[in-house]
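Engineer: A structural model of the following input is requested.
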Amino acid sequence: MAKITFDGIEIEVPDGTTIMNAARTVGGSIVPPAMCYYTPLKGSGGKCRACLVKVTAGSTKDPRPMPKLVPSCITSVQDGMVVENTVNQQVLDVRKGIVEMLLINHPLDCPVCDQAGECDLQNFAFEHGVSTTRYTEERRTFDKIDIGPLIQLHMTRCILCYRCVYTANQVAGDRVHGVLGRGDAAEIGTYIENIIDQDFSGNVIDVCPVGALTDKTWRFKQRVWFTKPVNAHRDCPKCSGNVLLWYKGKDVLRITARKDEYGEVKEWICNECRFEKKETSDWTIEGPAHIDRSSVISANHYELPVLNHSVVADLPESTQRELEKNPPLKLGS
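Structural biologist: Next comes the predicted model:
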């Protein structure tokens with residue numbers, strides 16, 4: 001076990017744990033942002049530089065500070081390490097620069113983008129960006145590529161996090177797309193025109209931190225904050241069958257995998273569950289899903305209070321907290 005100090009908080013974690021995951025054991029606002037790192041995907045991380053932190057003491061054996069900021073997602077902890085994130089002004093200034101760099105070629109598509117409301121780049125820019133831009137040059141443009149009837153690719157929105165490439169390699173199999181070109185000419189493509197249609201290829205939509213890869217069956221149908229996420233499951237021979245159904249009224253507008261508080265998929269789902277089962281009768285409904293991560297979805301009051309909460313198992317955490325603050329009146333009182 002290694003003892004480290006992160007933003008003044010002492011933590012003990014197993015040897016080999018990354019600084020990022022050590023911070024996640026504490027949680028809250030001290031956790032560095034991640035635009036490319038994805039825990040279930042081996043090899044991810046170290047590409048966006050959004051999670052840079054300052055190591056002011058390397059270890060008990062060698063307490064010298066590391067000369068440069070280090071990516072917390074791929075840097076392992078050492079016993080006695082001291083790390084600064086939100087309390088270090090250099091880290092915060094560099095993070096503003098990272099936001100500015102990521103937004104240089106990113107179009108202002110938020111008003112029409114299907115990812116709006118659950119976009120990691122939106123949250124990152126809101127927390128660490130500035131309201132103006134210094135960039136006056138022409139932005140990158142790419143020829144539109146059709147990668148099939150299920151997934152829409154907007155290359156101008158891509159930040160080259162490589163998550164979709166790792167997902168295709170490690171989850172979907174038979175990868176037909178990748179990063180082509182170098183430098184500012186790098187892009188996601190298929191080289192020879194191919195359709196991305198493997199059984200688990202739809203998971204590239206869930207791992208994309210921006211609106212570069214979106215669900216064509218959900219395209220322009222509704223704003224995510226006007227929908228209601230519901231946990232549901234079915235017996236599926238290909239995957240776990242545990243999903244989120246996104247309702248508008250009685251209609252299932254889209255289906256996604258369930259995610260944790262850091263926006264990472266808990267269990268991968270197949271394309272049959274994602275794209276073909278859009279009827280409520282296809283699913284066993286478990287109840288409203290609680291969105292742990294920071295999002296406008298969390299502000300939507302779709303988790304209704306329950307009067308007899310003592311007899312309802314597995315209430316969403318937000319409902320439990322609301323009931324603790326404002327206990328329902330008993331009948332006859």
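
Engineer: which stretches of the protein aren't confidently modelled?
Structural biologist: 191-194, 292-295, 298-320, 322-323, 326-333 (pLDDT under 70).

Engineer: Where does residue 125 sit: helix, strand or coil?
Structural biologist: helix (DSSP: H, G, I helix; E, B strand; the rest coil).

Engineer: count of residues packed around the closest residue to it other than its chain neighbours?
Structural biologist: Spatial nearest neighbour of residue 125, excluding adjacent residues (Cβ to Cβ, 6 or more residues apart in numbering): residue 99 at 5.3 Å. Quick note: C-beta positions are derived from backbone N, CA and C, even for glycine. For residue 99, the neighbour count with other Cβ atoms under 10 Å is 20.

Engineer: mind checking how far the residue lying closest to residue 47 once chain neighbours are set aside is from residue 223?
Structural biologist: Excluding the flanking residues, the one nearest residue 47 by Cβ to Cβ, 6+ apart is residue 36, at 4.2 Å. Distance, residue 36 to residue 223, by Cβ to Cβ, to the nearest Å: 26 Å.

Engineer: before we move on, what about residue 13?
Structural biologist: With Cβ to Cβ as the criterion, residue 13 and residue 223 are 39 Å apart.

Engineer: repeat for residue 182
Structural biologist: According to Cβ to Cβ, residue 182 and residue 223 sit 37 Å apart.

Engineer: Same drill for residue 36 and residue 223, tell me which one is more crowded.
Structural biologist: Taking neighbours as other Cβ under 10 Å, residue 36 and residue 223 compare with residue 36 leading, 24 against 12.

Engineer: ok, that one to residue 59 distance?
Structural biologist: With Cβ to Cβ as the criterion, residue 36 and residue 59 are 26 Å apart.

Engineer: What of residue 89?
Structural biologist: Per Cβ to Cβ, residue 89 is found 24 Å from residue 59.

Engineer: out of those two, which sits in the more crowded spot?
Structural biologist: Neighbours per residue, other Cβ under 10 Å: of residue 89 and residue 59, the larger number sits with residue 59, 16 against 9.
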